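Colleague: Mind folding the following:
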Amino acid sequence: MKKYLLILYILLLTLTLGANPAQVSITLTTSVPGYLYHGFLDSPITTTFVTTSPTVNDAFNPAGAILNYGIRTNVGLPLTVKATIAPFEEQDVIDPAYIAIDQVIMDGDLIPLDGGKYQILHFTPQSGTIFYAHKLTVLVDQNILDSKPIGNYVSNVAIDIETGS
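Modeller: Predicted coordinates:
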């Protein structure tokens, strides 16, 4: 009887060792993170953002102060881009003079002031990684410049983006 059990055990062991092992699997998951970068550009033909605060030296130019602005994103949500543009303020004086912003133009379109901000863009980016470049022009009324004191004037432009509807 021991002989039969030993033979049976050897047969079972042989069949078990000769069988293919069960297949194993694993599921790999990941995601592509969404990103949204925006800022001022070195020039209208580049996709490189300026890392420091840019300066436009001839902002009272009759053609206006031209700012190159870009957005790089892979987010397909509607974007609303607004700019806050401070009046030009005379520098290094006790009682500074101010020069108001006369017009803001984005890509050739006149942008009205709304609630203290200019809504310069509203769009939904295409899917995938996309770069958008735009030209923002800030103008002052050239006729009032002669009545302002001689000196240096500074204005700040702040741009923010809202996502959603």
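
Colleague: Which stretches in the protein count as strands?
Modeller: 36-40, 65-73, 79-85, 88-90, 98-99, 103-106, 109-110, 113-114, 117-123, 130-139, 153-154, 157-163 (DSSP state E).

Colleague: Residue 124 and residue 76 touch, don't they?
Modeller: Yes. In this structure, residue 124 is within contact of residue 76 by C-beta atoms under 8 Å, at 6.5 Å. C-betas here are computed from N, CA, C, even on glycine.

Colleague: returning to that earlier point: adding distance to residue 23, write the strands of the chain out as TSV.
Modeller: Listed next are the strands of the chain as TSV, based on distance: least, C-beta to C-beta, whole Å:
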stretch	distance to residue 23
strand 36-40	43
strand 65-73	42
strand 79-85	47
strand 88-90	73
strand 98-99	76
strand 103-106	59
strand 109-110	61
strand 113-114	63
strand 117-123	49
strand 130-139	42
strand 153-154	70
strand 157-163	44
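
Colleague: Adding distance to residue 58 and mean neighbour count, write these out as a markdown table.
Modeller: Output for these, formatted as a markdown table (distance: least, C-beta to C-beta, whole Å; neighbours: other C-beta atoms under 10 Å):
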| stretch | distance to residue 58 | mean neighbour count |
| --- | --- | --- |
| strand 36-40 | 16 | 15 |
| strand 65-73 | 8 | 20 |
| strand 79-85 | 17 | 19 |
| strand 88-90 | 13 | 19 |
| strand 98-99 | 14 | 16 |
| strand 103-106 | 17 | 18 |
| strand 109-110 | 21 | 10 |
| strand 113-114 | 23 | 10 |
| strand 117-123 | 21 | 17 |
| strand 130-139 | 12 | 17 |
| strand 153-154 | 12 | 16 |
| strand 157-163 | 15 | 14 |
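
Colleague: Just send these back as JSON lines, with mean pLDDT too.
Modeller: Shown next, in JSON lines, are these (pLDDT from 0 to 100):
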{"stretch": "strand 36-40", "mean pLDDT": "92"}
{"stretch": "strand 65-73", "mean pLDDT": "94"}
{"stretch": "strand 79-85", "mean pLDDT": "95"}
{"stretch": "strand 88-90", "mean pLDDT": "95"}
{"stretch": "strand 98-99", "mean pLDDT": "96"}
{"stretch": "strand 103-106", "mean pLDDT": "97"}
{"stretch": "strand 109-110", "mean pLDDT": "96"}
{"stretch": "strand 113-114", "mean pLDDT": "93"}
{"stretch": "strand 117-123", "mean pLDDT": "95"}
{"stretch": "strand 130-139", "mean pLDDT": "94"}
{"stretch": "strand 153-154", "mean pLDDT": "95"}
{"stretch": "strand 157-163", "mean pLDDT": "92"}
